[in-house]
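# Could you look at this predicted model? Sequence included:
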Protein chains: 2
Amino acid sequence: MALSSASIANNSNNDFYADHEKLYVATDCIVFGFDEGDLKLLIFKRRVEPDSGIWSLIGSFVQLDEDVNDAARRVLKEITGLDEIFLEQSKAYGKTDRDPGYRCLSVAHYALIRIDDYDKELVESHGAYWYTLKDLPKLALDHDQMVADALSKLRRKARHQPIGFELLPEKFTIPQLQQLYEGIYQRELDPRNFRKKVLSLKVLVKLDEKDKSGSKRGAFLYRFDFEKYQELLESGYNFEI
Amino acid sequence: MALSSASIANNSNNDFYADHEKLYVATDCIVFGFDEGDLKLLIFKRRVEPDSGIWSLIGSFVQLDEDVNDAARRVLKEITGLDEIFLEQSKAYGKTDRDPGYRCLSVAHYALIRIDDYDKELVESHGAYWYTLKDLPKLALDHDQMVADALSKLRRKARHQPIGFELLPEKFTIPQLQQLYEGIYQRELDPRNFRKKVLSLKVLVKLDEKDKSGSKRGAFLYRFDFEKYQELLESGYNFEI
DNA sequence: ACAAAAGTGTTCATTCTACACCCATGG
DNA sequence: CCATGGGTGTAGAATGAACACTTTTGT
């Protein structure tokens, strides 16, 4: 049992803090994806007590020899099969009564996933599903609050940095990008003004291909120019959308 | 020793997670104050190993029966004597090697203090001092990073909500407010434009008194109108400065 | 030929920026 | 009477919001 190793460590010579109390530390991931014009969230049926069987964020305990950040990446890899995805800390949840299972602090992270990238079978094998934000069921523990907080962070962040691109496939059309932002902000945007604004950022490269899935006429595909983006960032550019 | 109570709890019936590992959880506070036209930080000489004697943020371990947020408030009360001050979570620091003392996660909080309010004797009795941001010495552990992160959060927040007022005495002049914002953003602002902007927010109440400490002519004092502020917030007003 | 989405420009209102001088007072 | 910081207004630039019609093409 891991307990014994923790106890040993707790008494070992290099523990300067042995007269203090320890807590369980977990991480929960708010995983955003974008598909069929909707912003979605990956949730699954919790398999441990308490609240077993309730819809829940994906998460895990943080191990003694593991960075909190790495724990979140481990969870994401386990469930989606994906490495190297956009992952950022949202907030720590530290109320004493937040988890009836035992005193447990959770450091929430939010992730942005290209919904065509992930390993569908792996996800399903974990009992996980993509839910549209609007249709989200009640979640376990304080996970509803975590989602609300992460969403508001995503909105703020999306307004100042072009992170929306993390949620789209490599090639995407302007109307798709607009739908994504409409999903994030939950309101409609004017197509002319939106196009003007994103093109004025000068970080989109127009391709010669068209995507005809959305219309008969087809819409030109673009890709995100990361190099240009880096350059502009370093020269202090403001990406507000 | 607290260790024994933790061990008992760890094995008790209502611990669903007993086969996982626990960590020390601490909180560190980035305490901002404003005085003599400068943005300052409250730091003290660390009194526990490792890094004893090094300048450090004020902090404490989080107890088993204590909200993380409350732990930060407790620390602030202990050192400044102040209750009910602006306190907000900054970020959790979870690297395995961040604290050579033992694996310890820290949830950093930043606080804004009216520098004429705090209990000077109490602060000094804890070996704490106010340092101007520019003159800050190297701090213990990852506390330099914590300060940098908190400062950037303070900047972002100050731009969208009038939290600057938390750092000033109840009555303040517009030039004082401007100095404060110049301290936060670390750049000079145009006095005419600044005055225009803050007055346009309609949350300042001009008083009949003047403050003559800054000039012979004296500058009118203002106070912050919290009720008006609440009203405007609820009606979806944007306080960008 | 028509339905359905893609694409394009202009005008007006608002906000931001830059900038220079007079005022009131204590010493 | 003068040095010091407090206080005021305006014009030009940039940005944001509102708004309607033409294009393409598969059916």
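Received, thanks.
# rest of the way, CA atoms for contacts and neighbours
OK.
# who's in contact with the nearest residue to A:Asp97 once chain neighbours are set aside?
Leaving out its chain neighbours, the residue that sits closest to A:Asp97 by CA to CA, 6 or more residues apart in numbering or on different chains is A:Arg103, at 7.0 Å. Each residue near A:Arg103 by CA atoms under 8 Å, 6 or more residues apart in numbering or on different chains is listed here: A:23-24, A:96-97, B:64-65.
# List only those of those residues flagged as buried.
A:23-24, A:96-97, B:64 (16 or more other CA atoms under 10 Å in any protein chain shown).
# which is the next helix or strand following the helix or strand of chain A with the lowest mean pLDDT?
Every helix and strand of chain A was ranked by mean pLDDT, DSSP states H and E. The lowest is helix A:2-11, at a mean of 38. Counting by DSSP states H and E, the next helix or strand C-terminal to helix A:2-11 is strand A:22-35.
# Tell me the first helix or strand C-terminal of that next one.
strand A:38-45.
# Measure how far that next one is from the centre of its chain, please.
How far strand A:38-45 lies from its chain's middle: 10 Å, per CA atoms, centre = their mean, to the nearest Å.
# what about that strand and DNA strand C, any contact?
No. Strand A:38-45 stays clear of DNA strand C (CA under 7 Å from any atom of the strand), getting no nearer than 14.8 Å.
# any idea of the mean pLDDT for that strand?
On average, the pLDDT along strand A:38-45 is 93.
# Can you spell out which helices and strands pack onto that strand?
Applying 3 or more CA pairs under 8 Å, 6 or more residues apart in numbering or on different chains; DSSP states H and E, we find strand A:38-45 packed against strand A:22-35, strand A:55-56, strand A:58-61, strand A:128-132, helix A:174-185.
# Out of the ones you listed, the one nearest A:His160 is which?
For these, the distance to A:His160 is smallest for helix A:174-185, at 12.5 Å, taking CA to CA.
# what's in contact with that closest one?
Counting by CA under 8 Å, 6+ apart, A:34, A:37-39, A:151, A:154-155, A:164-165, A:168, A:188-189, A:191, A:194-195, A:219-222 sit against helix A:174-185.
# Is that helix in proximity to DNA strand C?
Yes. Using CA under 7 Å from any atom of the strand, we find that helix A:174-185 touches DNA strand C at A:174-176.
# quick one: that helix to strand A:22-35, angle?
Here helix A:174-185 runs at an angle of 140 degrees relative to strand A:22-35 (axes from the mean of the first three to the mean of the last three CA atoms, to 10 degrees).
# quick revisit: give me the buried subset of the contacts of helix A:174-185.
For those, buried by 16+ other CA under 10 Å: A:34, A:37-39, A:151, A:154-155, A:164-165, A:168, A:194, A:219-222.
# and chain A, what are its domains?
Domain assignment of chain A by automatic domain parsing yields the ranges A:20-158, A:163-234.
# Of all the ones you listed, which one is nearest B:Leu112?
Proximity to B:Leu112 (CA to CA) singles out domain A:20-158 among those, at 19.5 Å.
# residues in chain A within reach of DNA strand C, list them.
Neighbours of DNA strand C within chain A, by CA under 7 Å from any atom of the strand: A:173-176, A:191-193, A:195, A:214-220.
# Would you tell me which helix is longest in chain A?
The helix that spans the most residues within chain A, counting by DSSP state H, is helix A:143-160.
# how far off helix A:174-185 does that helix point, in degrees?
Using the same axes, to 10 degrees, the direction of helix A:143-160 lies 130 degrees away from that of helix A:174-185.
# got the buried residues for helix A:143-160?
For helix A:143-160, using 16+ other CA under 10 Å, the buried residues are A:143-144, A:146-147, A:149-151, A:153-155, A:158-159.
# In CSV: those residues, plus pLDDT and distance to B:Val205.
Listed next are the buried residues of helix A:143-160 as CSV, based on pLDDT from 0 to 100; distance: CA to CA, whole Å:
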residue, pLDDT, distance to B:Val205
A:His143, 96, 41
A:Asp144, 97, 39
A:Met146, 98, 37
A:Val147, 97, 38
A:Asp149, 97, 33
A:Ala150, 97, 36
A:Leu151, 95, 35
A:Lys153, 94, 32
A:Leu154, 93, 35
A:Arg155, 91, 33
A:Ala158, 89, 35
A:Arg159, 85, 32
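# now for the residues you listed, which pair is the farthest apart?
A:His143 and A:Arg159 (24.2 Å).
# how many neighbours does A:Asp208 have?
The number of residues packed near A:Asp208 is 8, by other CA atoms under 10 Å in any protein chain shown.
# Pretty sure it sits in a strand.
Yes. Assessed by DSSP: H, G, I helix; E, B strand; the rest coil, A:Asp208 belongs to a strand.
# so what's it up against?
Contacts of A:Asp208 (CA under 8 Å, 6+ apart): A:220-221.
# now it: how far from chain B?
Taking CA to the nearest CA, to the nearest Å as the measure, A:Asp208 and chain B are separated by 39 Å.
# And that residue, how close does it get to A:Gly218?
Relative to A:Gly218, A:Asp208 is positioned 12 Å away (CA to CA, to the nearest Å).
# What of A:Ser52?
Relative to A:Gly218, and taking CA to CA, A:Ser52 is found at 47 Å.
# A:Gly164 too?
Distance, A:Gly164 to A:Gly218, by CA to CA: 22 Å.
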